[in-house]
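**Student:** task: produce atomic coordinates for the following.
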Amino acid sequence: MSKVTARRRMVRVTATGEIRRPDTLAVEEPLEMRIGGESLNVTMRTPGNDIDLVHGFLYSENIIQSVDDIVSARYCAGTDADGQNTYNVLDIQLRRPRPLPKRRFITNSACGLCGKTTVDDVRIRSRFRPGYGDFTIDSDVLSTLPDELRSQQQVFAATGGLHAAGLFTADGTALVVREDVGRHNAVDKVIGWAVRENRVPTADLALIVSSRASFELVQKAVMAGIPMLGAVSAPSSLAVDLAAEAGLTLVGFLRGDTMNIYTDVHRIALRPIAAAL
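**Tutor:** Below you'll find the model as predicted:
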């Protein structure tokens, strides 16, 4: 497996002068996903947990419905200039081969679909509604989750250049945390973990991300039956629209003691002072 960090020389300029030294950076490399030898997708990702990434992506795109749909996921031969395997091509064998979808990516912001069509498409494709189950979480617990997520970001601590996603129980326990240069890849990695652990629909867990809440992240949560998505930054308008349509609790600006709850507030037990407002 490729390294997740790399060293590059740089010049750091400060008020007292300049310092020339190596810097530690997050690695970004392509991963090509193939189904039965046919290319499906190429995504730029941070190497690591690639099997989770593939499972999560295929599940989010409704190509698989459980871990049993995949017979094998194997790295193909691919070498760099030094003749070393790059581990950047994964071939997936499905138990029941199926034609690849003509429209491969419903999460691409340049897909050319209008917002209403896209929201309806996700609603129709998802086998679960986030309203399934009775998940609730105390706001005091929810407010601690971004810090807990950050505490488990080992590569971010070294590089400052990765997003993270994690699945948390109602008492604040992190079941899985994954990092990646792409926020959508980080979410695919945790959903892929849930698929492989037979934890979908994940109706008893909250998804916390270190980024903004884009439409594609809400889409992935809805597809996996996740009842709550919390983000440290802002949501987009279409993300809020999809969350409201699907019954998912969407929280933005989850920082310290404050948060903005955009949809389905009933899943959050608010502090008394907040409940009185």
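**Student:** hey, where'd the helices end up in the chain?
**Tutor:** 50-60, 115-125, 139-142, 145-151, 154-159, 183-196, 215-223, 237-246, 272-275 (DSSP state H).
**Student:** could I get these in a markdown table, plus columns for distance to Val209 and mean neighbour count?
**Tutor:** Bear in mind the C-beta positions are built from the backbone N, C-alpha and C, glycine included. Below are the helices of the chain laid out as a markdown table (distance: least, C-beta to C-beta, whole Å; neighbours: other C-beta atoms under 10 Å):
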| stretch | distance to Val209 | mean neighbour count |
| --- | --- | --- |
| helix 50-60 | 13 | 25 |
| helix 115-125 | 18 | 15 |
| helix 139-142 | 13 | 18 |
| helix 145-151 | 8 | 17 |
| helix 154-159 | 13 | 16 |
| helix 183-196 | 6 | 27 |
| helix 215-223 | 6 | 27 |
| helix 237-246 | 11 | 20 |
| helix 272-275 | 22 | 10 |
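**Student:** any idea which of those gets closest to Ala26?
**Tutor:** Proximity to Ala26, assessed across the helices of the chain by C-beta to C-beta, is greatest for helix 154-159 (4.4 Å).
**Student:** sorry, back to before: quick one: closest of the helices of the chain to Ile208.
**Tutor:** helix 145-151 (4.7 Å).
**Student:** report the distance from the closest one to the chain centre.
**Tutor:** 15 Å (C-alpha atoms, centre = their mean, to the nearest Å).
**Student:** lowest-confidence stretch among the helices of the chain?
**Tutor:** Per-stretch mean pLDDT for the helices of the chain is lowest at helix 272-275 (a mean of 51).
**Student:** quick one: closest of the helices of the chain to Gly36.
**Tutor:** Nearest of the helices of the chain to Gly36, taken as C-beta to C-beta: helix 50-60 at 12.6 Å.
**Student:** find out how far that closest one is from the centre of the chain, if you would.
**Tutor:** With C-alpha atoms, centre = their mean, you get 10 Å for helix 50-60.
**Student:** could I get the helices of the chain as a markdown table with distance to Ala174?
**Tutor:** Formatted as a markdown table, these follow (distance: least, C-beta to C-beta, whole Å):
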| stretch | distance to Ala174 |
| --- | --- |
| helix 50-60 | 15 |
| helix 115-125 | 27 |
| helix 139-142 | 12 |
| helix 145-151 | 6 |
| helix 154-159 | 13 |
| helix 183-196 | 10 |
| helix 215-223 | 17 |
| helix 237-246 | 22 |
| helix 272-275 | 24 |
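**Student:** what's the closest of the ones you listed to Asp91?
**Tutor:** Asp91 lies closest, by C-beta to C-beta, to one member of the helices of the chain: helix 50-60, at 9.9 Å.
**Student:** could you pull out the strands for this structure?
**Tutor:** Taking DSSP state E as the criterion, the chain carries its strands at 5-14, 17-26, 29-35, 38-45, 70-75, 89-94, 137-138, 163-168, 174-180, 206-209, 228-231, 249-255, 258-261, 268-269.
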